[in-house]
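K.L.:
Need coordinates for the below:
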Amino acid sequence: MSTLSVDAREAEEEPAEAAFTSQRPLDYVPGILLLIGVGVLGKYAQIWWNATAKHHHWTVPDIEYVLWAIVIGLLITNTVGLHRIFRPGVLTYQFWLKVGIVALGSRFVLGDIAKLGATSLVQILVDMAVAGTIILVVARAFGLSGKLGSLLAIGTSICGVSAIVAAKGAIRARNADVSYAIAAILALGAVGLFALPPLGHLFGLTNYEFGLWAGLAVDNTAETTATGYLFSDHAGKIAVLVKSTRNALIGFVVLGFALYWAARGQADAIAPGARAKAAFVWAKFPKFVLGFLAVSAIATAHWLSKGQTANLANVSKWAFLLTFAGVGLTTDIRQIARTGWRPLVVAVIGLTVVASVSLGLVLLTSRVFHWGVTT
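P.N.:
Have a look, this model is predicted:
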């Protein structure tokens, strides 16, 4: 096969999101309006549900607006479909997620972040080591390529799609492998989103314990945030903080895999020396985490009035509302199903391992060692 035909085939395998970016601001308006519409509809659906149940004296669970927004988005995408005119704006949900996380920093003091961050860091490192090793072994057993196995390990143990995209160039992964890994991770995000909250109630987890579990077990930041808030507002805050700690490790994990593949001549070599490696880690570091810490530092120093803190809290809630709508609107079940069964099976095994190990760590640290707040 000629080089030209290989390039053409790989160009066709690029993730679909790349085809929907635009340089014209007006192209984003329809999709952003759709995010707002779905989010607001989800909020009013919660109000309608509770009012109807109260009127008819029904005993029903309070279904949070988070779930309503996601389900409405899922129904739109998987029935009538999402027209390409909406795609650029809908894909901004990742931007609104980062805005929400940065604004959420106003509700934390640095002491809490340092305490919880230290606790979760130990758990994250154990999770990474166990899950990453098992995924690599299972991927080889199922006949997946080494780099697809690496992408699944990176995505499952650290930060989902963002980590996969960060690793793509570093390990010179094929576009097809990237697409498979992304589809598998998105499928897992959907599974975790709907499975973990009921399990959390079944196991009798506290808000703190569930937030810690969601932050450790769910891959994508958007799905992690939604999963936490489906359980409770406090659990959502904890999940975001723990996930931000995981996100901060992206550069180190990608560096490790890059060095591994470079040593085998299958990735670009990284210049020797600590400075070059530090520059690589910084390039992969999610900068919105610094924004979160900066806002938290300002709040800790009491430089924000009560009104300003309340305004930032509202910004965070609205930004997350658009994020939850975007999660539903970008989850195409049919596209995920076309990925094939082997990467999905490996990813499901990875999710099961991560969820089990992280739950064990959460219960061990909170109920045996009594680390952190357990209310």
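
K.L.:
what's near enough to touch residue 128?
P.N.:
Applying C-beta atoms under 8 Å, 6 or more residues apart in numbering, we find residue 128 in contact with 157-158, 249, 253. Just so you know, the C-beta spots here come from the backbone N, C-alpha and C atoms, and that holds for glycine as well.

K.L.:
Check residue 220 too.
P.N.:
Neighbouring residues of residue 220 by C-beta under 8 Å, 6+ apart: 159-162, 185-186, 189.

K.L.:
ok, residue 207 touching residue 239?
P.N.:
No: with contact defined as C-beta atoms under 8 Å, residue 207 does not count as touching residue 239 (10.0 Å).

K.L.:
quick one, which of those two is more surrounded?
P.N.:
Remark: of residue 207 and residue 239, residue 239 carries more neighbours, 30 against 20, as counted by other C-beta atoms under 10 Å.

K.L.:
what number of residues lie near residue 83?
P.N.:
10.

K.L.:
before we move on, the earlier item: which ChimeraX command selects the buried ones in the contacts of residue 220?
P.N.:
Typed into ChimeraX, the line below selects the buried ones among those, using 16 or more other C-beta atoms under 10 Å:
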select :159,160,161,162,185,186,189
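
K.L.:
quick one, phi/psi of residue 292?
P.N.:
phi -60, psi -50 (degrees, to the nearest 10).

K.L.:
Report the two of the contacts of residue 220 separated the most.
P.N.:
Pairwise distances across the contacts of residue 220 (C-beta to C-beta) peak at 13.2 Å, for the pair 159 and 186.

K.L.:
still on that earlier bit, out of the contacts of residue 128, which one sits closest to residue 74?
P.N.:
Proximity of the contacts of residue 128 to residue 74 (C-beta to C-beta) peaks at residue 158, which lies at 25.6 Å.

K.L.:
Assess the claim that the closest one and residue 245 are in contact.
P.N.:
No: when contacts are counted by C-beta under 8 Å, residue 158 is not listed as touching residue 245 (10.7 Å).

K.L.:
The two - which one has more neighbours?
P.N.:
residue 158 (28 against 20).

K.L.:
quick one, what contacts the more buried one?
P.N.:
Taking C-beta under 8 Å, 6+ apart as the criterion, residue 158 is in contact with 128, 246-247, 249-250, 253.

K.L.:
to the chain's geometric centre, what's the distance from stretch 270-290?
P.N.:
Distance of stretch 270-290 from the chain centroid (C-alpha atoms, centre = their mean, to the nearest Å) equals 21 Å.

K.L.:
next one: stretch 65-76
P.N.:
Offset of stretch 65-76 from its chain centre (C-alpha atoms, centre = their mean): 17 Å.

K.L.:
pLDDT score assigned to residue 341?
P.N.:
We have a pLDDT of 79 for residue 341.

K.L.:
what's the neighbour count on it?
P.N.:
If you count neighbours by other C-beta under 10 Å, residue 341 ends up with 10.

K.L.:
One more: residue 136?
P.N.:
Neighbour count for residue 136, taken as other C-beta under 10 Å: 18.
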